[in-house]
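In: Below are the sequence and a predicted model for it; my questions follow.
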Amino acid sequence: MPKSPDQAIRPIAVRTYAVGREKIREYARAVGETEPLYLDLDAARAAGHPDLVAPPMFAAVYCGGAFEAAMHDPEIGLNLPMLLHSAQEFEWGELVLAGDEITTEIALSDVSERLGMHFYVFVSQSRNQRGEEVCRGTWTLVVRPR
């Protein structure tokens, strides 16, 4: 398990997510998005896209399976009942469209301890079926002492 950013980062989990048109619409409605590119196929096509465009934070959906697997990795040994979600950052690349297959790789990049709490920093990289990067993420978790 890496202890500092200088040490090698090994992939923990890799998952592929098939982006569905209705999943984009469901997500957009659930978070209150009103952008027609996310909801209306005709509007998306009129804007030059072949299908619906996923809202940027849809990244939480297509990254979810890989991130969940990483959190449950026995080698990392997160104490889930004491876990706090501390921070999450994303950088976006190519648009994600309905019909894309997004592969996300998660790795543990840093583990540190402060004031008796353990800080775990995971990094994710998501690429579409053409190998284009669609999202890069940093996920920070804090495990409180018992």
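Out: Nice, thanks for sending it over.
In: Is Q88 bridged to anything, and to what?
Out: Beta bridges link Q88 to W139, judged by DSSP bridges.
In: Ok, A107 next?
Out: P11, V123.
In: So for it, what's the pLDDT?
Out: Note on A107: pLDDT of 94.
In: So which residue is smack in the middle of the chain?
Out: Closest to where the C-alpha atoms of the chain average out (Cα atoms, centre = their mean) is C63, at 3.2 Å.
In: The longest helix seen in the chain packs against which elements?
Out: Counting by DSSP state H, the longest helix found in the chain is helix 59-71. On a contact count with 3 or more Cβ pairs under 8 Å, 6 or more residues apart in numbering; DSSP states H and E, helix 59-71 meets strand 11-18, strand 83-92, strand 101-114, strand 117-127, strand 133-143. Placement of C-beta: from N, CA and C, glycine included.
In: And that helix, how far out from the chain middle?
Out: 6 Å (Cα atoms, centre = their mean, to the nearest Å).
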